[in-house]
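In: Give me a model of this one.
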Amino acid sequence: MSIRLRTLNKTVLFVFIFIQASYLFFIKTPGVVDSGNITVASDTLSNSRLSYYGQVSGAHASGVTAIAVKTSRTSYLPPDINVNHLFPLDNVSIGPNGYCDTAGTTKCKVSETQTSANTFTLVKGLRVGASDGDPIYATQSAIHTLAFTTQSTVVSGNVRIYIPAGGTSSATSQDGAPDGGANSGFDLNGLTTASSHSLCPTGGSVSWTSATPTITAYQLVGSTYYHQFDCAYTGTLSSTALTMTIGDSTGKMVNPAAKATAGYTHSQGTADTYNIKMLLQDGSSNTIDDVIVTVSPIEAVLVSATINPSLTFTIAGQNSDTICGNTLDVTGSTPYSIPYGDITTTNSFLDAAQKLTVSTNSPTGYIISVAEDDEMSADLNGDGTPDTTLADSICDDGSCTHAVSDKWHNTNTTGWGYSIQNISSYSHPFEHWTNTGNCDGTFCARNFACVDGLNPANLTACAVNDSSAQPVASSSAVASSEQFYMCYRLNVGVAQQAGYYQTRIYYIATTKF
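Out: Presented below is the predicted three-dimensional model:
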């Protein structure tokens, strides 16, 4: 979104980008597929955003900053045919030599200006030119934390994990590039030769043969190729809760790019699905217990689910109406952006909203939490590094935080924050009409918790409100299309430094059986 601020006789360009597409979901619904099988299973990812995989449209000379992407697919590639899934300060690789530094070792970085739906710009121009059809990658990677409970008693057995492999061969499924199109899956990213980045399960009164798993890069199971992780043990393993991690902060698998196969074309906002298998085997490699965890990635969203998953989560823009007690000022919000547009006044509230909808068949319901990866920040020098912020609001009494509510209806109180309005959902920590504590029944608000590491481009960004994601809605029972509004409020002060501001909001939805 862009904000144009007019003062006196000069026009100051003040631009703010709110990347709502970076919603982050971790959804867990453990369960059982066969009698005697593994229970209470989940795969939680440290970063759930889909990788981006597009292609260059036309030849681009060295030094070029505006990169056009192909808008149609041939043989299911490229999986991404617009730039909706590229955000400011994302790191991108363009072509075989598409770096943007003199030494040719640092990836290019997306600037805070998007030319169109089919073109994005770079902070610095290409070091080497790119040809028509060259790949454009913006990789996202994650640590997989697998938790599961075995049921049977097995002596001297093996725990095996299957994670879908992308690429067309063992080499391309572990080259560090995101795999998409007809060959979408998780890229092993060199973990075969760096198994120390992963850990075998903890728990159970057994001796694990190795602290790290044995990894088979490209294993055909039925008609699907998987990465195979094996952890053998000696001793007797009975019904036991186990935890296993695949990847660490310095080495982890690359998340898939969008799928596109015969009879299926990925549509942004519609989830792809992958099955992750967890097995308990005996010493002869016979499967005794097993479970399938279904994970469903969506743009900047990874929905993780296990047995018989039935959890849906959608975000829709709201373009008109009175929501949270205020007439909306933003008339073009989408599931992935809040376009505030030109700002011509200061010390004036600008209100926007989105509608969130969730359904689950879990008898214990769901929890939806929210976080940001930094305060709104601007790159004033154009070097790809934020150097000024538009602070989170502290509300009228100076007491609202990510966990404490306060009234906010004094236009002299500037900043960025949110409120909530229930439509048909079960429970919220507060709403805009809350009249307890410092809230007086007008516009009750909080600011966003900031979580370091959510944004791979800025892993230690949080200077204030550093905390875990905070709940905004929950249910303790089966939910059918429960809905609520998230109301975003922006108030720019007269002394706010002009610049191009942006932040990202992540939603985390979790459910259990």
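
In: all contacts plus neighbour counts: C-alpha atoms, from now on.
Out: Noted.

In: what about stretch 370-380, average pLDDT?
Out: The average of the pLDDT scores along stretch 370-380 is 83.

In: end to end, how far does that stretch reach?
Out: 28 Å (CA to CA, to the nearest Å).

In: swap in stretch 374-381?
Out: This stretch, stretch 374-381, spans 18 Å end to end (CA to CA).

In: Surely S196 forms part of a helix?
Out: Yes - assessed by DSSP: H, G, I helix; E, B strand; the rest coil, S196 belongs to a helix.

In: isn't it right up against T214?
Out: No - counting by CA atoms under 8 Å, S196 stays clear of T214, with 10.0 Å between them.

In: Buried residues of stretch 236-243, list them for me.
Out: Neighbour-count burial for stretch 236-243 flags 237-238, 240-243 (criterion: 16 or more other CA atoms under 10 Å).

In: same question, stretch 253-262
Out: Buried, per 16+ other CA under 10 Å, within stretch 253-262: 253-261.

In: between those, which is nearest C439?
Out: Using CA to CA, N255 comes nearest to C439 of the buried residues of stretch 253-262, at 42.3 Å.

In: For that closest one, give me phi and psi.
Out: Main-chain dihedrals, N255, degrees, to the nearest 10: phi -70, psi 150.

In: what about I288, how many neighbours?
Out: Here the number of neighbours of I288 (other CA atoms under 10 Å) works out to 18.

In: ah, wrong one, I meant N326
Out: N326 has 15 neighbouring residues, counting by other CA under 10 Å.

In: do G332 as well
Out: 15.

In: Which helix or strand contains it?
Out: Using DSSP states H and E, G332 falls within no helix or strand.

In: So K355 sits against M486, correct?
Out: Yes - with contact defined as CA under 8 Å, K355 reaches M486; the gap is 6.5 Å.

In: out of the two, which sits in the more crowded spot?
Out: More crowded of K355 and M486, by other CA under 10 Å: M486, with 21 against 18.

In: Could you give the bridge partners of that one?
Out: Q354, I420 (DSSP bridges).

In: helices or strands next to the helix or strand containing Y218 in the packing?
Out: For Y218, the host element (DSSP H and E) is strand 214-221. Using 3 or more CA pairs under 8 Å, 6 or more residues apart in numbering; DSSP states H and E as the contact test, the elements touching strand 214-221 are strand 224-234.

In: Just the CA atoms of the strand it packs on, as PDB, please.
Out: What follows is strand 224-234, C-alpha atoms only, in PDB (Å, rounded to 0.1, in the frame of the first residue of the first chain):
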ATOM      1  CA  THR A 224       5.500 -41.300  -4.900                       C
ATOM      2  CA  TYR A 225       9.100 -40.300  -4.200                       C
ATOM      3  CA  TYR A 226      10.000 -39.400  -0.600                       C
ATOM      4  CA  HIS A 227      13.000 -38.300   1.500                       C
ATOM      5  CA  GLN A 228      13.400 -41.200   4.000                       C
ATOM      6  CA  PHE A 229      14.700 -40.600   7.600                       C
ATOM      7  CA  ASP A 230      15.500 -43.700   9.700                       C
ATOM      8  CA  CYS A 231      16.300 -43.900  13.400                       C
ATOM      9  CA  ALA A 232      17.100 -47.400  14.700                       C
ATOM     10  CA  TYR A 233      17.100 -48.400  18.400                       C
ATOM     11  CA  THR A 234      17.800 -51.300  20.600                       C
END
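
In: Relative to the helix or strand following that strand, what are the paired strands and their orientations?
Out: Counting by DSSP H and E, the next helix or strand C-terminal to strand 224-234 is strand 236-237. Strand 236-237 has its sheet partners listed here by DSSP bridges as strand 154-155 (antiparallel).

In: For the next helix or strand after the strand it pairs with, buried residues please.
Out: Remark: after strand 154-155, the chain's next helix or strand is strand 158-164, criterion DSSP H and E. By 16+ other CA under 10 Å, the buried positions in strand 158-164 come out as 158-164.

In: who's in contact with A449?
Out: 370-372, 401-403, 465-470 (CA atoms under 8 Å, 6 or more residues apart in numbering).

In: do the same with S184
Out: 165-167, 178, 256-259.

In: and if we set it to 10 Å?
Out: 79, 164-168, 173, 178, 255-261, 272, 274 (CA atoms under 10 Å, 6 or more residues apart in numbering).
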